[in-house]
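Participant: All I have is the shape, not the residue letters:
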């Protein structure tokens, strides 16, 4: 097996006396879609925050392509190839839908410190941004201000920003949360498409079991911040720890 | 053509375009349209303040960074030119050296302040700028050997910019002297600086600043190193403010704490940017014009209004010329209440 693109080694964070993520060691490989599951408060989003750098780890390391990136800032990690879509929509509310995506494309093109040219004259950035909007079916809302967008479309845009960034490691934090039954498939199809490319690593926090069954190559279970199970979907779902600690409660919810 | 000059940032409102055109024509032809020492002085002040307020808008309106040190940078540029002209003699080389040194010092100072405070939180920066600006103001008034203290410095600009220099007889009844040239140095300098800033805010860099203002957390997460952009914007804004100060010094041939460094000017800048409309650049033009005109002519206007209503009870007292500050305050409150996005924001909404 090839060396992992992303790995965490004993990754731990403590908030006061509370251990939110407890010595999680896990490796992720290119082309693999890993679903991260666990009850609310299990530390899934916190684990994401540690990997993408929003929170500094109390102990342990994050390795990207074998290099320790634990000391790097969020933007450094993003440029190195870790991209993230957020659970709570996190956009540029008073800018247009197009401008939101264009900013990501511009960041990727390394044009941010260009003080002289006119942003609107960069045809290649404009085209790339419009292509993304077409892919996520938001091209019809191109010039709308984000704050006027429906919740479902904001969720789509959240995913669009990550797709525009096209990182080596995609991190989706409940991408379909709060979306209607009609809207969710657009996002799920995009994730399935990315998976089919087989050249990206996808981490997916998700509650909906049907989604996990269809998409995941592998499932890891977090429980009270610790890694409780790790393996292919059938094995993990059948395991005692999942049945007791997680599946039972989730199934009742569903 | 116009689109290229304005960097593609069109007024997007016919009324706004008309008002901006009118202001441009009035300022371009001020010595001919409104001959008189006081009117031309007002026009020069408007030019300088447009640049000063626009540079502040770059910081506040685009970058979302609150600074109280803008007059300090303005003062650094003004004192730079003043000291160069005092010690190097009245040449254009002294102006260039003074302006360049002022802009550079302002940028370096902004860099240091920014690097130390913008890493943490933007509010920290506001507090530090307040402290540094106060310290510099005290320093300038204490170092009277160098800066002239509270009295300031009076100095000579190049002969070609003084009233004694004549390069022709009269044109439309206006004396063609160095004072006229001096006005055009200020006008053209301001115009170029303003257009440069319009260029910057419409560049990819300007868009990143807007993104940071909107959501710095996400800007970082899509790969922009927020602190770099904030520091760069602060330096740029400080350098432009210093150049505005240099132009002001050339025009006044005097610098002092009250004309360049005082907290009152800082408050004026804030009022202008809020009244005009933050994050629009054109708001600086409208805000600076309105407020400078009000400061210079509201008193006269009220004097006239007061004499018109003579005999009516209470009204003459209310409209007494001495109450002009009260009315300026009322105007400010009304404008913020009715135009929360500034005059430009209101006009663009149609």
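Facilitator: Cool, the structure landed. A quick note: this is a predicted structure, and the numbers were derived from the prediction, not measured.

Participant: How far does stretch B:101-116 sit from its chain's centre?
Facilitator: Centroid separation between stretch B:101-116 and its chain, computed with C-alpha atoms, centre = their mean, to the nearest Å, is 18 Å.

Participant: do it and chain A meet?
Facilitator: No - using C-beta under 8 Å from any C-beta of the partner chain, stretch B:101-116 stays clear of chain A, with a minimum separation of 13.6 Å. Any C-beta I mention is one placed from the backbone N, CA and C, and that applies to glycine too.

Participant: Which strands border the biggest strand by length in chain B, and is each parallel or antiparallel?
Facilitator: Assignment by DSSP state E gives strand B:166-171 as the longest strand of chain B. Here strand B:166-171 has these sheet partners by DSSP bridges: strand B:174-177 (antiparallel).

Participant: Please work out the average pLDDT along the next helix or strand after the strand it pairs with.
Facilitator: Of the helices and strands lying after strand B:174-177 in sequence (DSSP states H and E), the nearest is helix B:178-201. For helix B:178-201, the per-residue pLDDT values average out at 96.

Participant: could you give the mean pLDDT of the next helix or strand after helix B:178-201?
Facilitator: With elements assigned by DSSP H and E, the helix or strand that comes after helix B:178-201 is helix B:204-214. What helix B:204-214 shows for mean pLDDT is 96.

Participant: Next, the angle from the longest strand of chain B to helix B:178-201.
Facilitator: Put simply, strand B:166-171 runs at 90 degrees to helix B:178-201, going by axes from the mean of the first three to the mean of the last three C-alpha atoms, to 10 degrees.

Participant: list the buried ones in strand B:166-171?
Facilitator: Within strand B:166-171, no residue is scored as buried using 16 or more other C-beta atoms under 10 Å in any protein chain shown.

Participant: Contacts for that strand next, please.
Facilitator: B:32, B:175, B:176, B:177, B:178, B:181 (C-beta atoms under 8 Å, 6 or more residues apart in numbering or on different chains).

Participant: run the last query once more with 7 Å
Facilitator: The contact list for strand B:166-171, computed with C-beta atoms under 7 Å, 6 or more residues apart in numbering or on different chains, reads B:176, B:177.

Participant: Distance-wise, check residue B:318 relative to chain A.
Facilitator: Residue B:318 is 40 Å from chain A, where distance means C-beta to the nearest C-beta, to the nearest Å.

Participant: How about residue B:287?
Facilitator: 20 Å.

Participant: what's around that residue, how many residues?
Facilitator: Using other C-beta atoms under 10 Å in any protein chain shown, residue B:287 has 32 other residues around it.

Participant: pretty sure it is touching residue B:278, no?
Facilitator: No - counting by C-beta atoms under 7 Å, residue B:287 stays clear of residue B:278, with 9.5 Å between them.

Participant: A helix includes residue A:26, no?
Facilitator: No - going by DSSP: H, G, I helix; E, B strand; the rest coil, the assignment for residue A:26 is strand, not a helix.

Participant: For beta bridges, what are the partners of it?
Facilitator: residue A:8.

Participant: Contacts only, for it.
Facilitator: A:7, A:8, A:220, A:227, A:230.

Participant: sec struct for the closest residue to residue B:320 other than its chain neighbours, please.
Facilitator: Nearest residue to residue B:320, sequence neighbours excluded (C-beta to C-beta, 6 or more residues apart in numbering or on different chains): residue B:306, at 5.5 Å. Following three-state DSSP, residue B:306 is assigned to helix.
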